[in-house]
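A.B. asks: here are the coordinates; sequence isn't available:
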């Protein structure tokens, strides 16, 4: 529906709807989203992560958004529309959730594109909620209470923690599938705890999780480590990157992937930096400074726990990630994954992971600068860096992508042999 | 003795090398595999049976199509670049760089201490398959193309980004009669540029360069262009005899580590049936069964057009010519519309002789009985044909097609024409063309594409399309451009899909491309209920069927589908005939001769490449010009042109203070400087500096910087930055200033005031990739101009110590001078816009507001579109000379970019203005415009306006742009005429 000025009328998600509406969210990070949905449920929201993965999703996206729109938008909107059309959901009792970063990239516009697509398909009455921390879409934002936010942060930290460990187990498992089964168990246990006051027991849980995972029998063969960096959706979502992680494991590599917390801390850092550079941001500056202090502190706790346990490799401290960008690009580069992407490549190389896949949507604007634009300089300084930039889009064929990744892997394996 | 076998299965060819254990080559082969990857490999090895029997065999497969075979059969695979690097190091160790071009892959390997390798991205075609396509376009074999290139005198700029782009550069050259020798050499140069720009990615190609792969070993012309461009001599350019086999040789070397098999084991493994169906095969069959096909064919067979035997006819006749890009079509109609004569021929890039011969034939057939009362021509070659043969009328293609379609179905409400190069679609509303949709240069996956593909697989187009109708499980090949489809086909081949399934898949791709990429349709109802399909491509039953299947409804295809443009032209001639035709007489036709020379128009900075055609009677016809000046007029359109005006004003913003010795600050005339230059010029002037501008953009300037471009898919305006920086480095400036700006000026029309990521941060990419800024002072601080206090705080540490006597006080003064200069500049632009509007009002001229980005005023970026608009009678305005239309308007998208807010604002103005239209310029690769285009269209539609989007890139020909703009004019004419008649009717009624 449109008003007299031609504006799309946006249905509001009211408090009553919370009771019997199902909120659909597009998939990105399985471990994380499972926990997040669990937390939301405890706060009275019925949520469902769409786990669909078939060709029709991209086609639905092509039909409904401008084809030059970046691939993640195409998939995310395609997945939501595909779900609404599937007949599985009562359309009068369904709402959608979309995140918005509020940066100068296209991603903040996904939600507008989704609304247009909904309107065109006769789903104009389906409310869309925005998940953002920038004050956008005030009437349509997911209401976030302090307690819920804290719990969500914990959920993300736990998921990051588990993801990092699982990545170090899966390629070496003696009994295939054992680590993932253990994740399920722990997810249940963590959610259980979080429904009470127990979610604060971070250290105790870390210890227990580490103990459990270190019991999984592993066959420690020599494998090359491959880091994944990239546009946030394609970095993680199997639907977007053609099951990149699984493919790398199949090809005999161990995947190294940074956590979602890093991206959140990057977003927070940028707000703080904006104040420094341009004097904008107002009071948010102090809130975000506090948040960054809190997050980095929690991350250090996690690193400490892993180090103390001594079996697994911990992620990098965010403070050192911040430093990595220096000499390459300014922290003012804040659109898309911005300076973080460059910093992550460098962080990987410093940690001895020279082999890197940079996953990016075809024609991704920030990536021209922060990924492809920085590879030259990184290679000049670290000749052993073995970076492959892979473009993803609805027309790019899998074989093209795999061939390039194979080349990276061949170089990696040779380097491993000679070095 | 153990033999080592390397098998290289590329996208189009199969190469094998057999080594004995001393490394001697026993056997080698190179052949096209026509997509029958598995069969050909097997057959070849069977043929080698006498050589191989009885020896232990170690086998390794490589190549883009080899992966599947190896996976399924348990034979070792090695990535091809890796294999190549290994063998080069072993056999030609002095090599510094390897350049290998294959069928569809291009690779560069930098050897040296650490290996660095690149493969072409998924959007870069300029390779063997590209050369094949170009040869087809010229109607010559590859060898002839090579020979032709030897006699070249001149190189034309041909876009090198991908085959599709290059094609649309070459086509007009052909149509304008440029020499094939020159075009051949230009094609090779385009491949060279593509390799250098796309793959070098900031690393210089120098030292000893080894050239590998089929094209580089067979084509002398290509070798020549590479050597010339890279500045190599006989000793540093290495063309090994074994070039085509090198990758296979590399695989054979790698085979040392493989397990040995005996001959029978090897054959048995390779012969193993392909493992089930490909996951690409998803769609339903085009035809259920024979009956289904028969029914379909009967239904369409009914749509025939009456024909009359020309021998039995006498009286008046009407000629229609469609001088298309690859084909020329002619029809001669009787008074009742029946066809007396028709002709469809591929013009092999030279339409004039084709039409001349046809006219001779027609005159012979007509004799004294038939008089040609009028003729009309449409299509790319329209102007040339009118000049050459005195054809009476010319009309834009869209109108020609509509005229024909309406003749057969007066209720027609949607027409889609898929030709060799173009997709044209238009909605018809109230008997007039309402909306024209043309394919962008990047999605020309049209008819000629299927044809080239058929040929490359060894079929004629008729055989190929017939095969498709037999397909049981069509392959899903994606909907993007040709290059993407190529690699999807590669994957299908790898997966062992049958040719009929690939052919059907291609047909479906063409349709999906047209529907979802070009038209962006959501449901069949959106198109209309009376759909007429046209163009040669629809003669392919598979294409027609998949169109009907995709829409879920029947459509009309006439038996003269490919002749509809010519038919429409003939009808137009009939409607407008007024007595005697000016068509060339039979006698003059006998004496007809034509020659062409090329020239460059020097009357403005566009430097149009002109073709001067001279006919036997001394008449001249000039083509290639974008405005009247090229054709000899002393001045271009005198109507106001704000794009040109703004450009002049910008250049005038640079203060000229002769005689004074001041520190020289270089500013590149790129991206955001097209808006902010007056600010920075005044700022540095106030600080006592001499402001040095990089100069005006040009193709040459672009080429100078292209080796340092890190991402080949970034927009052309950004790529140009590299050239501008080189230009500044030449001018011995003391420093280059190029700030990063996340935020632009807040103009109060939007929710935020971002720049796009590329505009905001491109200086970072420059700093990290250009060697020339390392030796210079290159300052690129992150700044915002919105807050004076913070601005000074940020810029003080950047400039103090660099420029003498910089104090905070001086910076505040300079910032204020900058701001007031910028504001004065903006006021001046608003005033000039108002003046232009007043003039348009006074003289009753049409107005077009060109929406885009400030840098689209760069003539090298817009390729003279403003001039073209002027010559079509428009007063040309820009989005940023329209003052804010009331308060901040809510939008359906997040309105967070300053430049975009200007476009929405201008669209709002156009929507409400009776005489204004809008044209939106979109740079290829601009991701943000995927958001803005829909919103601008939406705003215009609500005001009942047409939406015209022009995609621009490095391509320098305005063929498609011209069609679009002329269609726009035709639609405006019809609309105005209708309003006039409504007024008249109202007048009579009163």
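C.D. replies: Received, thanks. None of the values given here were measured: they were computed from a predicted structure.

A.B. asks: what's the burial count for residue B:603?
C.D. replies: Using other C-beta atoms under 10 Å in any protein chain shown, residue B:603 is surrounded by 17 other residues. Placement of C-beta: from N, CA and C, glycine included.

A.B. asks: ditto for residue B:322
C.D. replies: Neighbour number of residue B:322 under other C-beta under 10 Å is 32.

A.B. asks: which stretch of helix or strand covers it?
C.D. replies: Per DSSP states H and E: residue B:322 is located in strand B:315-323.

A.B. asks: Name the strands paired with that strand and say parallel or antiparallel.
C.D. replies: Applying DSSP bridges, strand B:315-323 is found paired with strand B:327-334 (antiparallel), strand B:370-378 (parallel).

A.B. asks: helices or strands up against the helix ranked longest in chain B?
C.D. replies: Secondary structure assigned by DSSP state H gives helix B:808-843 as the longest helix of chain B. Packing partners of helix B:808-843 (3 or more C-beta pairs under 8 Å, 6 or more residues apart in numbering or on different chains; DSSP states H and E): helix B:642-652, helix B:673-686, helix B:788-799, strand B:846-851, strand B:874-878.

A.B. asks: Show me how far it is from its chain's centre.
C.D. replies: Centroid separation for helix B:808-843 versus its chain: 36 Å, with C-alpha atoms, centre = their mean, to the nearest Å.

A.B. asks: Could you do stretch B:746-760 as well?
C.D. replies: Mean-position distance between stretch B:746-760 and its chain equals 29 Å (C-alpha atoms, centre = their mean).

A.B. asks: What residues of it count as buried?
C.D. replies: Across stretch B:746-760, burial judged by 16 or more other C-beta atoms under 10 Å in any protein chain shown covers B:747, B:749-760.

A.B. asks: can you tell me which of these are in helices?
C.D. replies: Short answer: the buried residues of stretch B:746-760 in helices (DSSP H) are B:757, B:758, B:759, B:760.

A.B. asks: The first one contacts residue A:369, correct?
C.D. replies: Yes: the pair formed by residue B:757 and residue A:369 meets the contact definition of C-beta atoms under 8 Å, at 6.9 Å.

A.B. asks: Which residue does the stretch 1-150 of chain A have closest to chain B?
C.D. replies: residue A:104 (3.5 Å; C-beta to the nearest C-beta).

A.B. asks: Tell me the spacing between the nearest residue to that residue once chain neighbours are set aside and residue B:244.
C.D. replies: Distance criterion C-beta to C-beta, 6 or more residues apart in numbering or on different chains; nearest residue to residue A:104, sequence neighbours excluded, is residue B:754 at 3.5 Å. Per C-beta to C-beta, to the nearest Å, residue B:754 is found 51 Å from residue B:244.

A.B. asks: what residues go with each domain of chain B?
C.D. replies: According to automatic domain parsing, chain B comprises the domains B:3-92+B:250-271, B:97-239, B:314-398+B:567-590, B:416-442+B:470-561, B:594-624, B:643-825, B:830-989.

A.B. asks: Nearest to residue A:324 among those domains would be which one?
C.D. replies: domain B:643-825 (14.4 Å; C-beta to C-beta).

A.B. asks: Work out the gap between that closest one and the centre of the chain.
C.D. replies: Worked out by C-alpha atoms, centre = their mean, domain B:643-825 lies 31 Å from the chain centre.

A.B. asks: Same question for stretch A:201-218.
C.D. replies: From the chain centre to the centre of stretch A:201-218 is a distance of 23 Å (C-alpha atoms, centre = their mean).

A.B. asks: And the contacts of it?
C.D. replies: With contact meaning C-beta atoms under 8 Å, 6 or more residues apart in numbering or on different chains, stretch A:201-218 is reached by A:154, A:157-158, A:161-162, A:165-166, A:169, A:172-175, A:178-179, A:182, A:186, A:190, A:193, A:298, A:301-302, A:305-306, A:309, A:311-312.

A.B. asks: 10 Å instead, please
C.D. replies: A:154, A:157-158, A:161-162, A:165-166, A:168-175, A:178-179, A:181-183, A:185-186, A:189-190, A:193, A:198-199, A:298, A:301-302, A:304-306, A:308-312 (C-beta atoms under 10 Å, 6 or more residues apart in numbering or on different chains).

A.B. asks: so residue B:62 touches residue B:245, yeah?
C.D. replies: No: using C-beta atoms under 10 Å, residue B:62 is not in contact with residue B:245, being 11.7 Å away.

A.B. asks: Name the residues contacting each of the two.
C.D. replies: Residues touching both residue B:62 and residue B:245 by C-beta under 10 Å, 6+ apart: B:6, B:8, B:15, B:252.

A.B. asks: all strands for the stretch 501-650 of chain B, in order.
C.D. replies: Taking DSSP state E, counting those that start in this stretch, the strands of the stretch 501-650 of chain B run over residues B:531-534, B:556-557, B:594-600, B:609-615, B:620-623.

A.B. asks: Out of the ones you listed, which is the most enclosed?
C.D. replies: Across these, averaging neighbours per residue (mean count of other C-beta atoms under 10 Å in any protein chain shown) puts strand B:531-534 on top, at a mean of 25.

A.B. asks: Having no further points to raise, I will conclude here.
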